[in-house]
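S.K.: Pasted the sequence and its predicted model underneath.
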Amino acid sequence: MTEPPRYDDLPRPSDDPTGLPLSWGVWGANDQVGTLNRITEATVAAAREEIRTGRRFNLNLPLDEPFGLTLEGAHRRRAAPSPVMVKEEHPGRVTRDDRLDGFWLQASTQWDGLSHFADPTHGFYNNAPLSSIVHGADSRNGIDKALAHGIAGRCVLADLARHFERSGRDWTPMGGKRATAEDVAACLDAQGVSLRPGDILQVRTGWLEAFRAAPDAAARHWLIQGENGARDYSGLDGNEPMWRFLWDAGVAAVAADNPTVEVWPIFPWKPALHLAIARLGLCLGEFFDFEALAADSAANRRYTAFMTAAPLNLRGGIGSPGNALAIR
């Protein structure tokens with residue numbers, strides 16, 4: 001595979017209302033995994049050096065978090081699933097089975113598929129027409145394509161919450177505060193770590209810590225809804241310098257502990273990391289649990305690990321639970 005062009009060398013379509021670049025065709029006309037192409041056999045093999053002690057860190061919330069711990073209606077449609085247990089008891093055989101009712105695949109720790117967000121002018125990533133965003137074998141850009149490619153390799157934690165606390169920066173998980181590309185670079189530098197092509201960038205904003213510290217369902221509801229429904233999450237700045245930083249660093253995916261990865265709300269025709277799903281093929285993950293991993297990092301001053309994730313093998317799935325694990 002040839003090296004992808006630098007960010008500033010990506011084409012920018014004329015008469016485009018955003019003026020932003022498109023990466024379509026960089027990994028071929030039929031590509032359906034975008035920046036996950038940065039994960040290669042070589043990057044995965046090199047990442048095995050991150051496994052030194054064999055300690056494992058679960059990165060997934062329980063399926064009923066966060067929406068099962070808030071007031072009803074925290075999200076306009078997503079909610080916690082309802083588990084149903086089926087019991088069978090016969091002489092000599094006792095079994096249990098279960099199912100999930102109302103199982104939204106993006107209502108807890110989750111990956112966004114490249115079919116989740118389209119560019120309003122150009123459509124879904126890499127020229128996938130709207131008619132191709134379906135469930136089934138004929139789908140384009142589904143989460144099953146990410147599974148087939150494989151999400152695995154070196155992960156790098158940017159513990160923004162601790163970094164800002166140490167540096168005296170005013171930072172709260174709500175309020176729409178922005179972490180710029182320079183902020184992320186400064187955080188990584190202070191932690192003594194740098195990004196390599198194929199890395200999975202983990203971003204700890206402190207949102208999950210605040211959610212778990214909230215005293216009741218109403219307080220947790222506010223951490224989803226914000227003041228008067230503003231949903232003003234703090235997070236990564238979704239403007240073009242962040243696009244350039246992530247692209248030129250060779251980041252394969254970005255996963256965060258907050259609901260949206262980036263600062264929210266976003267606005268039509270303006271740069272946003274969700275728009276980069278369509279335009280760059282950027283893989284995003286939300287609601288990841290980095291608390292134990294981050295505590296271990298702070299104690300041992302080690303901010304890298306081996307990470308693997310297996311999205312659901314749902315043909316044409318728009319998203320999937322994270323199913324992620326970090327190993328050190």
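M.R.: Here it is on my side, so go on.

S.K.: roughly how far apart are V84 and K270?
M.R.: According to C-beta to C-beta, to the nearest Å, V84 and K270 sit 43 Å apart. The C-beta positions use only the backbone N, C-alpha and C, and glycine is treated the same way.

S.K.: Now for T205: which residues touch it?
M.R.: Neighbouring residues of T205 by C-beta atoms under 8 Å, 6 or more residues apart in numbering: 160-161, 173, 179, 233-235, 256-258.

S.K.: Excluding sequence neighbours, find me the nearest residue to it.
M.R.: N258 (4.7 Å; C-beta to C-beta, 6 or more residues apart in numbering).

S.K.: and that neighbour, how many neighbours does it have?
M.R.: N258 sits with 26 neighbouring residues when counted by other C-beta atoms under 10 Å.

S.K.: where along this protein do the strands fall?
M.R.: 56-58, 82-90, 93-101, 110-112, 151-159, 178-179, 200-204, 235-236, 253-256, 283-286, 304-309, 319-321, 324-327 (DSSP state E).

S.K.: right, so of those, which gets closest to W222?
M.R.: The stretch from the strands of the chain with the least distance to W222 (C-beta to C-beta) is strand 235-236; that distance is 16.8 Å.

S.K.: Which other helices and strands does that closest one contact?
M.R.: The contact analysis (3 or more C-beta pairs under 8 Å, 6 or more residues apart in numbering; DSSP states H and E) places strand 235-236 against strand 178-179, strand 253-256.

S.K.: deepest of the ones you listed, which one?
M.R.: Greatest average neighbour count among those goes to strand 253-256 (a mean of 27), per mean count of other C-beta atoms under 10 Å.

S.K.: circling back: among the strands of the chain, single out whichever gets nearest to G136.
M.R.: G136 lies closest to strand 319-321 among those, at 15.9 Å (C-beta to C-beta).

S.K.: Check which strands are paired with the closest one and give the direction for each one.
M.R.: Strand 319-321 pairs in its sheet with strand 110-112 (antiparallel), by DSSP bridges.

S.K.: Contacts for the partner strand, please.
M.R.: With C-beta under 8 Å, 6+ apart, strand 110-112 has contacts from 106, 143, 146, 151, 253, 255, 274, 277, 283-287, 309, 311, 318-322.
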